[in-house]
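A.B. asks: this one's sequence-less:
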């Protein structure tokens with residue numbers, strides 16, 4: 001049973017495709033993907049202290065712009081080079097409501113000020129301290145990029161002005 005020339009030409013691309021797919025799955029053990037969720041805790045963005053004159057003198061009122069703690073999404077793709085070293089690309093995303101609050105401990109009114117959308121991306125080098133241990137500790141560090149967009153509410157009355165739009169910055173991410 002000799003194969004014809006026509007079927008031989010058709011088998012070469014299929015054989016190459018099969019070899020490519022098998023080589024990819026043989027290397028798949030060096031890749032991992034991950035996803036998770038957890039709280040994003042924001043600090044205070046702006047504190048403004050106002051002195052208000054009264055009939056008997058003056059009082060100070062401190063207004064604080066902060067974002068509520070919200071659940072966010074984290075996704076990553078990691079490529080291992082050895083038992084100890086890997087590189088990871090990771091992104092985190094969340095949306096949090098902005099609010100203007102009175103003095104700490106003051107049970108006054110909280111005024112909604114808008115929404116904050118945050119996205120961060122990092123590309124760290126990962127060093128595994130004990131790659132075969134029961135608890136697998138690692139250190140990581142590398143460049144990071146953060147982008148945020150503020151969408152102020154039209155009806156928010158405040159002495160703290162918000163810009164509308166997006167801003168971003170490069171930085172460094174360290175972790176363990």
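C.D. replies: On my side now, so go ahead. Computed from a predicted model, the values in this text were never measured in an experiment. Residues are numbered from 1 along each chain as shown.
A.B. asks: pLDDT (mean, whole number) over the top strand by length along the chain?
C.D. replies: Longest strand in the chain, counting residues (DSSP state E): strand 85-101. Averaging pLDDT along strand 85-101 yields 88.
A.B. asks: Next, the buried residues of that strand.
C.D. replies: By 16 or more other C-beta atoms under 10 Å, the buried positions in strand 85-101 come out as 86, 88, 90, 92, 94-96, 98-101. Heads up, the C-betas are built off the backbone N, CA and C, glycines and all.
A.B. asks: Check these and tell me the two furthest apart.
C.D. replies: 86 and 100 (43.1 Å; C-beta to C-beta).
A.B. asks: Return the member of the buried residues of strand 85-101 nearest to residue 59.
C.D. replies: Out of the buried residues of strand 85-101, the member with the shortest distance to residue 59 (by C-beta to C-beta) is residue 101, at 16.9 Å.
A.B. asks: Name the nearest residue to residue 71, ignoring sequence neighbours.
C.D. replies: residue 37 (5.4 Å; C-beta to C-beta, 6 or more residues apart in numbering).
A.B. asks: what's the neighbour count on the one you found?
C.D. replies: By other C-beta atoms under 10 Å, the residues close to residue 37 number 11.
A.B. asks: Now for the spatially most central residue of the chain: which residues touch it?
C.D. replies: Centrality entry for the chain: nearest residue to the mean C-alpha point is residue 92, 2.1 Å, by C-alpha atoms, centre = their mean. By C-beta atoms under 8 Å, 6 or more residues apart in numbering, the residues touching residue 92 are 40, 72-75, 118-120.
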